[in-house]
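Engineer: only geometry, no sequence info:
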């Protein structure tokens, strides 16, 4: 069974500093990996995904994530945090292949960017 | 274009009552998913619809939960005899395709259910 871990319940970072939100996965084969963001009282918004190819993927709002197969990680990063980035971030995985459709989500990491 | 919509946005109900939650997927999306998000928790898969195929109900927590979808349109999630542990945000998502696809899921704003 696949699983996704987000080891930090909360991350605090000062505005303007780089941010990292960690994600590790346990999935057989080469998974599809996703990051979503959830603002208060809102649904999840898609940020970026890794399917294949370049290990560094760029997404919305200046976010990027690096797929590291040897460390089974897919950490979310941004060079300079904004207060408006404060939200709940979810990492998710999906097993490629016919018959696979379900996303497995991590428990989420609350990001607080301090002015 | 229009995204996934859900109604109502908030629902407060008394324990033991039935509730019905509605989801309108993005037009043309063949796949539809329901998730439950409890306070401080990740998303818990409930049920999945793909076109006219039989739905995957493996995530439904009890027989009090049921869902329907007609073709590739609106879906309703029904919870009968609600319990306090049913209090959560119920999220609906849709995607253009499913099995083996690389498409991401597009989420609605959710329905916050409170059972008193």
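Structural biologist: Nice, thanks for sending it over. Remember, predicted model here, so these are calculated numbers, not experimental data.
Engineer: The residue minimising distance to the centre of chain B in helix, strand or coil?
Structural biologist: The residue lying closest to the centre of chain B (CA atoms, centre = their mean) is residue B:34, at 2.9 Å. Using DSSP: H, G, I helix; E, B strand; the rest coil, the structure places residue B:34 in strand.
Engineer: Spatially nearest residue to it, not counting backbone neighbours?
Structural biologist: residue B:46 (4.2 Å; CB to CB, 6 or more residues apart in numbering or on different chains). C-beta coordinates here come from the backbone N, C-alpha and C atoms, glycine included.
Engineer: is it true that that neighbour touches residue B:23?
Structural biologist: No - contact criterion CB atoms under 8 Å: residue B:46 and residue B:23 do not qualify, at 11.4 Å.
Engineer: what touches both of those two?
Structural biologist: Shared contacts of residue B:46 and residue B:23, defined by CB atoms under 8 Å, 6 or more residues apart in numbering or on different chains, are found at B:34, B:77.
Engineer: neighbour-wise, which of these two wins?
Structural biologist: Shown here are residue B:46 and residue B:23; by other CB atoms under 10 Å in any protein chain shown, residue B:23 has more neighbours (27 against 21).
Engineer: what residues does chain A put near chain B?
Structural biologist: Residues of chain A lying near chain B by CB under 8 Å from any CB of the partner chain: A:32, A:34, A:36, A:41-46, A:49, A:51, A:90, A:96-103, A:105-108.
Engineer: quick one: average confidence on stretch B:71-78?
Structural biologist: Average pLDDT, stretch B:71-78: 91.
Engineer: Next, see if that stretch gets close to chain A.
Structural biologist: No - judged by CB under 8 Å from any CB, stretch B:71-78 makes no contact with chain A; its nearest approach is 14.9 Å.
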